[in-house]
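S.K.: got a structure for you, letters missing:
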Ligand code: CP
């Protein structure tokens, strides 16, 4: 039985196979419409979500399976003090696979150690968000045609943004990847990412504060929201929240074939006037999230579709 805690749980070959399966699902959805008949997905979300929870549910429904679960800790027995270990033992009696989001880093990993079914980390605190990374990789591969030889700008809250941490881990395995880390001083990537991931693997990167100074060199601009829920005080959040606003004037400085990605939800960091720019890829990214989660469910349940 396999779980997914980090994008690194999949080798590059397995990842390639999974993305190819997701692309086939996109092209031939009917072929997969009954693949998970009789199977159930549990979504155990201890933290708010729109995309991740609903795209998991849409993915299982598209595969002919069924879904159950809870959307907040308050509506589960976690509010009475039940541990994730006990909860997953219970969920294992009800479902075939579980997607779990939790505010505590490592909680889905703890759950996986007591689980009788595959557990997927659907975001744990500021740590990892592997299925967002799968979504991002499928988006990049589909829209840019490759996962190598790209200059990627990661902009915004690089300290608390778990999608950024997972994406860096995944992309360093491809040749010719360069990162431009665009953030205010207080929201720089954690030092373990800079030292143990980027420097240790000789990955070229630079850290800059002004988006205008970097945007012209990028193949991909990955915008992120300032993670309000991870700040210790409101004052710091208010000071940081509008540090970056991508607008038409800044898009004029970018290459014609640059794409703009964002894991969403967006707050103010991308002006709505950018939405109609053909380079805005963030709503396409949402759709790719369903295909890749379908592919992941099939892979972890070891369902083959001929
Ligand atoms: N991208 C993402 O994780 O969105 P949700 O928080 O809405 O699931």
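M.R.: All right, it came through fine. Every value quoted in this text rests on a predicted model; they were computed, and no experiment measured them.

S.K.: the closest residue to the ligand within the stretch 201-306 of the chain: neighbouring residues, count only.
M.R.: Among the residues of the stretch 201-306 of the chain, residue 263 lies closest to the ligand, at 3.8 Å counting by C-beta to the nearest ligand atom. Yep, even glycine has a C-beta here, placed from its N, CA and C like the rest. By other C-beta atoms under 10 Å, the residues close to residue 263 number 27.

S.K.: and the nearest residue to it once chain neighbours are set aside, what element?
M.R.: In space, and not counting its chain neighbours, residue 263 is closest to residue 163: 4.3 Å by C-beta to C-beta, 6 or more residues apart in numbering. Taking DSSP states H and E as the definition, residue 163 sits inside helix 162-171.

S.K.: contacts for the helix or strand following that helix?
M.R.: Using DSSP H and E, the helix or strand that follows helix 162-171 towards the C-terminus is strand 177-182. Contacts of strand 177-182 with the rest of the structure, by C-beta atoms under 8 Å, 6 or more residues apart in numbering, involve 148-156, 158, 168, 171, 188-189, 198, 203-211, 214, 217-218, 244.

S.K.: can you check the pLDDT for the residue nearest to residue 263?
M.R.: What the model reports for residue 163 is a pLDDT of 91.

S.K.: just residue 231 next, same as before
M.R.: At residue 231, the model reports a pLDDT of 74.

S.K.: spatially nearest residue to it (excluding sequence neighbours)?
M.R.: If you skip the residues right next to it in sequence, residue 231 has residue 237 as its closest partner in space, 4.3 Å away by C-beta to C-beta, 6+ apart.

S.K.: the lengthiest helix in the chain: which residues count as buried?
M.R.: Longest helix in the chain by number of residues, with DSSP state H as the criterion: helix 282-300. Within helix 282-300, the residues that qualify as buried by neighbour count (16 or more other C-beta atoms under 10 Å) are 282, 285-286, 288-300.

S.K.: one more: stretch 85-96?
M.R.: Of the residues in stretch 85-96, 87-88, 91-92, 95-96 count as buried by neighbour count, 16+ other C-beta under 10 Å.

S.K.: what's the most distant pair in those?
M.R.: 87 and 96 (16.2 Å; C-beta to C-beta).

S.K.: is it true that residue 269 touches residue 225?
M.R.: Yes - with contacts counted by C-beta atoms under 8 Å, residue 269 reaches residue 225, the gap being 6.0 Å.

S.K.: overlap in contacts, those two.
M.R.: Applying C-beta under 8 Å, 6+ apart, one finds that residue 269 and residue 225 are jointly contacted by 156, 262.

S.K.: which stretches in this structure count as strands?
M.R.: Taking DSSP state E, the strands of the chain run over residues 40-45, 66-70, 97-102, 119-124, 150-155, 177-182, 205-208, 220-223, 259-261.

S.K.: do the shortest one and the ligand meet at all?
M.R.: No - residues of strand 259-261 are not located near the ligand by C-beta under 6 Å from any ligand atom, the shortest gap being 10.9 Å.

S.K.: by contact count, what packs against that strand?
M.R.: Judged by 3 or more C-beta pairs under 8 Å, 6 or more residues apart in numbering; DSSP states H and E, the packing partners of strand 259-261 are helix 130-144, strand 220-223, helix 282-300.

S.K.: now tabulate these in TSV and tack on distance to the ligand and mean pLDDT.
M.R.: As requested, those are arranged in TSV below (distance: least, C-beta to the nearest ligand atom, whole Å; pLDDT from 0 to 100):
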stretch	distance to the ligand	mean pLDDT
helix 130-144	5	98
strand 220-223	12	98
helix 282-300	8	98
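
S.K.: among those, which comes closest to residue 24?
M.R.: Taking C-beta to C-beta as the criterion, helix 282-300 is the member of the helices and strands packed on strand 259-261 that comes nearest to residue 24, at 8.4 Å.

S.K.: report the angle between that closest one and strand 97-102.
M.R.: Between helix 282-300 and strand 97-102, the angle formed by their directions is 130 degrees, by axes from the mean of the first three to the mean of the last three C-alpha atoms, to 10 degrees.

S.K.: kind regards, and thank you for your time.
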